[in-house]
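> generate a structure from the sequence data that follows.
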Amino acid sequence: MKFYEASTAHTFPAQSYLYGTTANLALTAGTAASKSFTLAAASIDATAGTQAASVAYYIREMTGKMVQIYDVSATDYFPAVIDKIDFDGTNVVHTLRYIGSSTWEFGSGDKLYPAGTGASDYTVHSTIIYGKDFAGCIELDGTGKNVQVIINPPGSAGSADPLNQRGTVAWKVKGFCVTILQDAFGVRVEHGATA
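Below is the predicted model of the structure:
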């Protein structure tokens with residue numbers, strides 16, 4: 001087994017706010033079957049002076065965003081992607097492109113949260129675990145000497161270097177190709193971490 005650690009490991013930072021300075025919003029209706037949910041326009045903060053302007057700002061900010069819905073009856077979160085938002089003057093109706101539950105029915109206390117945080121607001125870390133033959137790499141030149149170092153000493157440029165003062169060192173890569181060979185031989189684990 002080999003273990004690699006990198007300071008550039010991929011993390012998914014916590015998002016503290018859904019939009020503006022709002023951490024979550026209470027839902028008023030919704031089902032997985034309809035792929036939609038509703039919230040009261042009055043619950044959207046008046047960030048732009050009037051409620052109508054605030055709702056317009058909210059619609060611009062939230063359309064296309066990945067969010068989490070907290071299901072109070074299951075005490076669990078599931079992901080959703082907002083496809084379209086309509087405002088009828090009182091309610092803000094969200095149509096979903098994707099919903100991570102097939103059985104969700106609205107219950108009093110259901111809330112909308114930013115993606116990746118839920119109520120805990122922790123950064124999510126990603127660890128990749130893979131086995132033999134998960135990925136393959138091949139050099140395009142086939143000789144095993146993929147990187148070529150080119151050294152030209154001073155005076156080798158001929159008439160372009162009449163005083164023999166200029167030399168160059170350079171390198172070039174002839175090319176290689178990497179691909180995943182067996183998706184089933186690897187997995188990405190998303191987890192929390194403590195210091």
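
> could you point out which element follows the lowest-mean-pLDDT helix or strand in the chain?
For the chain, counting by mean pLDDT, DSSP states H and E, strand 11-12 ranks last in confidence among helices and strands (a mean of 72). In the C-terminal direction, the helix or strand that comes right after strand 11-12 (DSSP states H and E) is strand 25-26.

> following element in sequence after that next one, please.
That would be, after strand 25-26 and using DSSP H and E, strand 29-31.

> just the buried residues of that next one, please?
By 16 or more other C-beta atoms under 10 Å, the buried positions in strand 29-31 come out as Gly30. To be clear about C-beta, it is placed using only N, CA and C from the backbone, and glycine gets the same treatment.

> can you tell me what sits against stretch 61-80?
18-20, 24, 27, 30, 37, 81-85, 94, 96, 98-101, 104-105, 107-119 (C-beta atoms under 8 Å, 6 or more residues apart in numbering).

> can you list the strands that the least confident helix or strand of the chain pairs with?
Within its sheet, and counting by DSSP bridges, strand 11-12 is paired with strand 124-130 (antiparallel).

> any idea of the mean pLDDT for the strand it pairs with?
Mean pLDDT, computed over strand 124-130, is 83.

> buried stuff in that strand?
Neighbour-count burial for strand 124-130, counted by 16+ other C-beta under 10 Å, picks out Val124.

> and the following helix or strand past it, what does it pack onto?
Using DSSP H and E, the helix or strand that follows strand 124-130 towards the C-terminus is strand 135-139. Strand 135-139 is packed against strand 176-180, with contacts defined by 3 or more C-beta pairs under 8 Å, 6 or more residues apart in numbering; DSSP states H and E.

> next, the angle strand 135-139 makes with the strand it packs on.
170 degrees (axes from the mean of the first three to the mean of the last three C-alpha atoms, to 10 degrees).

> just how off-centre is strand 176-180 within its chain?
The chain centre lies 23 Å from the centre of strand 176-180; the measure is C-alpha atoms, centre = their mean, to the nearest Å.

> per the record, what domains does the protein have?
17-120, 130-186 (automatic domain parsing).
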